[in-house]
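Novice: Here's a sequence, model it:
(chains A, B, C, D, E and F)
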6 protein chains.
Amino acid sequence: MYHHIKQLMYTVRVGTPDPHFGNMLLEQFGGANGELAAAMQYSVQGLNCDDPERKDLLMDIGTEELSHLEVVGTLARMHLKPLKHKRGAAIADPMIAIAGGGGAALYNSMGDPWTADYLKITGELDVDLRSNIAAEARAKIVYERLIDFCEDPESIDALKFLMTREITHMQAFTAALVSMGKPEFSIGKIPPTPGLVSQYFNDSTGVGDLGETDARGPWNTGGQWEVVEAPAFQELRNQWAGTRETGNGHQQKRVPAQSASKKPAPKKRTA
Amino acid sequence: MYHHIKQLMYTVRVGTPDPHFGNMLLEQFGGANGELAAAMQYSVQGLNCDDPERKDLLMDIGTEELSHLEVVGTLARMHLKPLKHKRGAAIADPMIAIAGGGGAALYNSMGDPWTADYLKITGELDVDLRSNIAAEARAKIVYERLIDFCEDPESIDALKFLMTREITHMQAFTAALVSMGKPEFSIGKIPPTPGLVSQYFNDSTGVGDLGETDARGPWNTGGQWEVVEAPAFQELRNQWAGTRETGNGHQQKRVPAQSASKKPAPKKRTA
Amino acid sequence: MYHHIKQLMYTVRVGTPDPHFGNMLLEQFGGANGELAAAMQYSVQGLNCDDPERKDLLMDIGTEELSHLEVVGTLARMHLKPLKHKRGAAIADPMIAIAGGGGAALYNSMGDPWTADYLKITGELDVDLRSNIAAEARAKIVYERLIDFCEDPESIDALKFLMTREITHMQAFTAALVSMGKPEFSIGKIPPTPGLVSQYFNDSTGVGDLGETDARGPWNTGGQWEVVEAPAFQELRNQWAGTRETGNGHQQKRVPAQSASKKPAPKKRTA
Amino acid sequence: MYHHIKQLMYTVRVGTPDPHFGNMLLEQFGGANGELAAAMQYSVQGLNCDDPERKDLLMDIGTEELSHLEVVGTLARMHLKPLKHKRGAAIADPMIAIAGGGGAALYNSMGDPWTADYLKITGELDVDLRSNIAAEARAKIVYERLIDFCEDPESIDALKFLMTREITHMQAFTAALVSMGKPEFSIGKIPPTPGLVSQYFNDSTGVGDLGETDARGPWNTGGQWEVVEAPAFQELRNQWAGTRETGNGHQQKRVPAQSASKKPAPKKRTA
Amino acid sequence: MYHHIKQLMYTVRVGTPDPHFGNMLLEQFGGANGELAAAMQYSVQGLNCDDPERKDLLMDIGTEELSHLEVVGTLARMHLKPLKHKRGAAIADPMIAIAGGGGAALYNSMGDPWTADYLKITGELDVDLRSNIAAEARAKIVYERLIDFCEDPESIDALKFLMTREITHMQAFTAALVSMGKPEFSIGKIPPTPGLVSQYFNDSTGVGDLGETDARGPWNTGGQWEVVEAPAFQELRNQWAGTRETGNGHQQKRVPAQSASKKPAPKKRTA
Amino acid sequence: MYHHIKQLMYTVRVGTPDPHFGNMLLEQFGGANGELAAAMQYSVQGLNCDDPERKDLLMDIGTEELSHLEVVGTLARMHLKPLKHKRGAAIADPMIAIAGGGGAALYNSMGDPWTADYLKITGELDVDLRSNIAAEARAKIVYERLIDFCEDPESIDALKFLMTREITHMQAFTAALVSMGKPEFSIGKIPPTPGLVSQYFNDSTGVGDLGETDARGPWNTGGQWEVVEAPAFQELRNQWAGTRETGNGHQQKRVPAQSASKKPAPKKRTA
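Specialist: Numbering: from 1, shown residues only, chains lettered A, B, ... in the order given. Sure, this is the predicted structure:
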């Protein structure tokens, strides 16, 4: 059950309304990484959650995001109000001006309607917590960019409040994930295929005109990693050399896995 | 520049086509967590990336996902083929049957068209890597569920190949994030507000009929955490006690932050 | 500011989960006339509202709809739970089964993502109240149909609770509209053009094979009404008679309005 | 069966094309409250309608809206034409300029494609008439705002014609609803639960910084109304007082309805 | 201006309603290649068209498609009617059953709302006619598949009427395109780059497990055609041979065009 | 299987970034007629294709379009880069600026997310080739318009490369269609109804204020064509003359076809 109190979680004030900035603020009202998306992602996860403790966490933060929605909507409303009557302002967002009467609406800064396709909900708790950590990181950087574009000090104060809370939530979701005690890359119940899971496919090769590299790093070198040089390229070379045995599907099957077991020298590098 | 080789990354075979399973497979062809979403998320991140080494990583995996798209699409095609001519099968996905002629199409299992709203791309590299880690975790669990619903052993083999690769990518993106050397909760450049960032708002309280708890855990207890008991509840209590000073916006401003500095006893708990 | 209490507004119980009915329930969770649509329509109207009294009304009901969202989502969750593990059940909504893990999600019964395009918000208070009255009438009939399709007595009890509340809200919105004291067909500030406003254009004529009539009723007969017999037909007759003066745009301008002032006998009927 | 006559229902003329205004006009061509939405809502309702007299009404007005679509599209076309060749104009709507060649298109002023999600059709005649009354009210206010932003006198004349017709339709739909003779709040066949239907839940309380009130009015006072003070708040108070009996779901069931029958003094107000 | 006559262009009759077939019919009511899409594509093209003669053609056929929309909608309505009251039927399309009351609606067979994104309108007349020819071909094959799935003889008669008309329109649009007298591959005003326009890039090579070929045909052999063997492969070979001159962007620029002028032997084949 | 080479198919350079032009370029990155739409339309058609030779063609061009996607995305990225930091530039596309960090994204110039609804895929090879021919014509004219709006010579060079390739593809798809050897208007297997297929319905009549004509041309005159003067008009005339026999559905059935067999003089014209 929800209750609403007629007080914002953060009191907003605006000096001079800035219609273009009001339009930008809609990113966090009705946009992909905005407050409704956060509120719904966590609240719906919470509604479906079977872990009572982390369900509480999801409901706590989901509810806080509803309060944030109200804060950012009120701020947007203040900046958008001139759209209703001033044609110069209306150009910042004609749909808000003409159809919406200058009010905040659940559309983003380019007028796209909020859609549940923004949400990432799988019902697998640790997976959902990872989605939430990423969502909070995205929301944080979006608020930072809004602050960079904002010229009104009091609006900036409100945005800093909201931005800070995203980091709070990112920390809480991370703690909740860690406390589940699952091995780092263990998702669900079916284990990945050994050997294959350690192969790094080098599918993009060459050096670009702007210095793009075919790089090595801890994501393909050292530890478990075994690099499989471009699976498709390997095939190309065979064709070039006339060695491909067409139609022998079985031999081609699991090319990378087989190449791993055979470990032909020129095809891969080990750290 | 891309090149295509007429060979699947994993050769697929299907015993008896299973139209309903073919429809389910579309989740990974044209669905929210599917292979086109993965291919586009990483490739577009890569296209925009200014870090040449991680750009290579993004392009490697983005390209591999295109090859996965081809594998899962070919598998779906085999299971969906009866839809074109058999009415009993067509009911599994009438749009595929009638408009699509029984072919794989970029729609999910409920017929929603693939949309770029599925993608999470901010242009902030470490944020995008977090989104990618979460995306791979989601894709893994989706493949696992498909395997659970699949009755065809050879289809299961192909799905295990694809499922395993998601873990590989999850590991690679994690290594790439860690190797950036950023502090764990440092996103962007503007730091969060000290004090406020450590407050946990207890916005959902009480005990539910099914034993839902108002829980404590490492996400709100110990370390930095300070619990602010329901900000709205606090206000309600004041109203109930007749102590709220209406209109005194300044005093209400940043209620949580102020309560933090004042630390009134009944409002919060410290671990 | 919002607060959440871990108790449903109406405690739901389910005997035997009914996956197809669970899918149907999604109409009121993530569907066009569902509880999120209601919650957002009223809450966003309220956020933008300048009339403090009716703003309170909008916030009261908008908040109640959030509690309804939780009730209907919990009910849907109970009926959908078998989708996660039983393939026979999964066919009722494969996206929920595979991507959503059998949880309630903000999609309708055909899998369409909830979209802000469902909302009707203009920022003109009396217009918005009319949209709300219509929205509540729609929600009522949808609950009635769900009840008709439901075989579980306890689910029916919960649906009757929710259905009843829609009528309550319809009454409240009607009272709020009436109490504004505006003349019945006065919208905004610019008055309609006299004469033209009283013309009924008979644009669909003839008698259909199933007895469809070219009818008269209080919507085109009596009082103010003046019927203009098919404007296009009038033109056709002139062409047929060779009397149309091509290119005489001014004469053609406002054909209906002019016909009103000239009142040529065969063109209209007066009650 | 439809026939088209090569004459507009209202002859449009434009002095100086105004690209930004042309873009705004798209709200009524391909927007949520525009003429295609009106034409399709009424025509599809009419197609499904079993009441032959009101079916005629729906077809009359549905067809008239098609003629309006042609008028507003022609007007938009005139204002948008410079987009095709002038880059300065193209910025008003680059999609129309580049993809559409400067023609009117079924998108709104922010470029969103027209979608059937705009339509409100339930197949319950009196409910649909309410949706139509609201739709006409919305369309009227949108035309009024367009007139306010329009600087071309002849365009204003055309918009006033269209605006007036919305009031005509609003009157006709209202007459059609009234003539059905249904009790005012009787929707469908299942009656609402007595007692519960008369309870007003006060879910938003307190006084806001800008003077937002917890108001009383004819929507919650007098007549049938019984106010239930915040259901969630009530629970909070019990928790605060230590009186809540956890787990006693049955007692909690239908909290509001029960509170109605018990009528505890402090929880509700009667007028 | 439009006029409606209460008679279908083709009188429809239905023996036994077939709910699943009714759902399938929605493909041609509210689907991507359906009658509303056709009506809107041609009518909006017509509205924007500056060629008076072909504008008439577009309006003739656009209007006919509105009459077809009515025919197919009436047919769908007859087959869908049981959805309102029979739960077994409702499963064929629960949204139609619950939200739509068993009426035809502008959604496709998987419940996707009709969207203007289905339309192909550029405002370039000969281009639009090509889009229309393709659209009619698609609509024809969709009707054919519906006929194949239909078990009701009278429904089949109506579908054959509609199917035939698509071929009529395809012929008319083709005649209109041919009569414009434009050279076959001349689009717009800017000519393609000579040489480059005649190069066929062989971007997909090898032989697949199912016998997929690297084929030659009149689309890459004979006449103007010059085959450029895989541009990316060419680069790969250079890398393999150690001959790529990194950073020499100018030399790499327009690789295909340059290779065309140099015509190095191994890179291409001429017929 | 796909492989990526770190070199663009056409090396792009940009003098001064032009944010508004960067936004316009998104039409060809994430827009309806853009490179992703082309890549996916052909590649998915190819994946489903049973004709090995034309499957190769589809894969060749589908893969080339992926390389084009990379070229146009890189070009857009260069023009959009200022959006991340300059507020004046950000107004060109605030979503890209704030949510996307100034990177290319799969949205069009008005911010609509790329959707699979852009694709035209039926699985009927000759029909799909017609859709592809039309798609290439559209892409060509869109590039031409972008060139017209572009002020940067090097960007123009890249766009001319891409534009030329569309003509190449149009030629190849046409050759592939012609070489199938199907009669010109033969689609699928069910033949159109003779007689009816040759009737041209004159559904839009009269002369418009701007000289719109009721035209004759090779699309309704000569050869097979028989003109049926407005079917609805015909009915209107009967009503006017009092000759319509209401309820005689059978007589009305297939009005046009019957009128064809009867050939009443005033209803049609033969060349």
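Novice: For residue A:209, report the pLDDT, please.
Specialist: Per-residue pLDDT puts residue A:209 at 78.
Novice: cool, and residue A:64?
Specialist: 98.
Novice: Once you drop chain neighbours, what's closest to residue A:184?
Specialist: residue B:174 (7.5 Å; CB to CB, 6 or more residues apart in numbering or on different chains). Every residue, glycine included, has its C-beta placed from N, CA and C.
Novice: In the strand or helix carrying the one you found, which residues are buried?
Specialist: Using DSSP states H and E, residue B:174 maps to helix B:153-178. Of the residues in helix B:153-178, B:155-177 count as buried by neighbour count, 16 or more other CB atoms under 10 Å in any protein chain shown.
Novice: Please apply the same query to stretch A:43-58.
Specialist: A:43-49, A:52-58.
Novice: what's in contact with it?
Specialist: A:42, A:59, A:62-63, A:65-66, A:119, A:121, A:123, A:125, A:128-129, A:132, A:172-173, A:176, A:180, B:204, B:211-215, B:217, B:219-220, C:6, C:70, C:73-74, C:77, C:101, C:103-106 (CB atoms under 8 Å, 6 or more residues apart in numbering or on different chains).
Novice: Buried subset of those residues, written for ChimeraX?
Specialist: Remark: buried members of those, expressed as a ChimeraX selection using 16+ other CB under 10 Å:
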select /A:42,59,62,63,65,66,119,121,123,125,128,129,132,172,173,176 /B:204,212,214,215,217,219,220 /C:6,70,73,74,77,101,103,104,105,106
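Novice: got the end-to-end distance for stretch A:172-191?
Specialist: The first and last residues of stretch A:172-191 sit 28 Å apart, counting by CA to CA, to the nearest Å.
Novice: where does the stretch 151-271 of chain A dip in pLDDT?
Specialist: Within the stretch 151-271 of chain A, the stretches with pLDDT under 70 are A:235-271.
Novice: make it 50
Specialist: The stretch 151-271 of chain A contains residues with pLDDT under 50 at A:244-271.
Novice: In it, mark out all the strands, start to finish.
Specialist: Here the stretch 151-271 of chain A has its strands, by DSSP state E, counting those that start in this stretch, at A:199-202, A:204-205, A:226-229.
Novice: Parallel or antiparallel, which strands does the last one pair with?
Specialist: This means strand A:226-229. strand A:199-202 (parallel) (DSSP bridges).
Novice: separation between the residue in the stretch 51-200 of chain A positioned nearest to chain D and residue F:162?
Specialist: In the stretch 51-200 of chain A, the residue that lies nearest chain D is residue A:111 (2.5 Å; CB to the nearest CB). Applying CB to CB, to the nearest Å, one obtains 28 Å for the distance of residue A:111 from residue F:162.
Novice: hang on, the earlier thing: please name the residues that touch the residue of the stretch 51-200 of chain A closest to chain D.
Specialist: When contacts are counted by CB under 8 Å, 6+ apart, residue A:111 is found next to A:93, A:95, D:108, D:109, D:110, D:111, D:112, F:110, F:111.
Novice: Next, count neighbours for the residue nearest to residue A:137 when sequence neighbours are not counted.
Specialist: Leaving aside its sequence neighbours, residue A:137 sits nearest to residue B:127 (CB to CB, 6+ apart; 4.5 Å). Applying other CB atoms under 10 Å in any protein chain shown, we find 25 residues neighbouring residue B:127.
Novice: Can you list the residue ranges for helices in chain A?
Specialist: Applying DSSP state H to chain A gives helices spanning A:19-30, A:35-48, A:52-80, A:87-90, A:94-98, A:125-149, A:153-178, A:231-241, A:249-252, A:255-262.
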